[in-house]
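Participant: A predicted structure for the sequence below; I have some questions about it.
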Amino acid sequence: MNAALLLWGVVVSSVGFGYFIYGKKQRALVPLLCGIALMVVPYLIASSWQLVAAGVAIAAVPYFVRL
């Protein structure tokens, strides 16, 4: 584990927490689930560039999926 992975993990998790709070307050399922996914992903991925790619992909989902 290196410093870049820790930093990107904090950034991705922070964005996920923002999505989670937004989804909870608005009662919107897609941002809520994406927020949970973004908070869990840093525990599962061990590469910085893969973490960033997964974070960007998951963070883009609420813009394209409206339920």
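Facilitator: That came in fine, so what should we check first?
Participant: residues near Ile58, how many?
Facilitator: By other Cβ atoms under 10 Å, the residues close to Ile58 number 21. C-betas here are computed from N, CA, C, even on glycine.
Participant: Give me the neighbour count for Val65.
Facilitator: When neighbours are defined as other Cβ under 10 Å, Val65 has 12 of them.
Participant: start the count at 163, not 1, going forward
Facilitator: Sure thing, new numbering starts at 163, so read that last one as Val227.
Participant: Dihedrals phi and psi, it?
Facilitator: phi -110, psi 120 (degrees, to the nearest 10).
Participant: I'd guessed it sits against Val192; true?
Facilitator: Yes: at 5.2 Å, Val227 counts as touching Val192 under the criterion of Cβ atoms under 8 Å.
Participant: so how far is the helix or strand that contains Ala215 off the chain centroid?
Facilitator: Here Ala215, judged by DSSP states H and E, is contained in helix 210-226. Chain-centre distance of helix 210-226: 7 Å, with Cα atoms, centre = their mean, to the nearest Å.
Participant: Show me what counts as buried in the helix ranked longest in the chain.
Facilitator: With secondary structure taken from DSSP state H, the chain has its longest helix at helix 165-188. Neighbour-count burial for helix 165-188, with 16 or more other Cβ atoms under 10 Å as criterion, is recorded at 167, 170-171, 174-175, 177-178, 181-182, 185.
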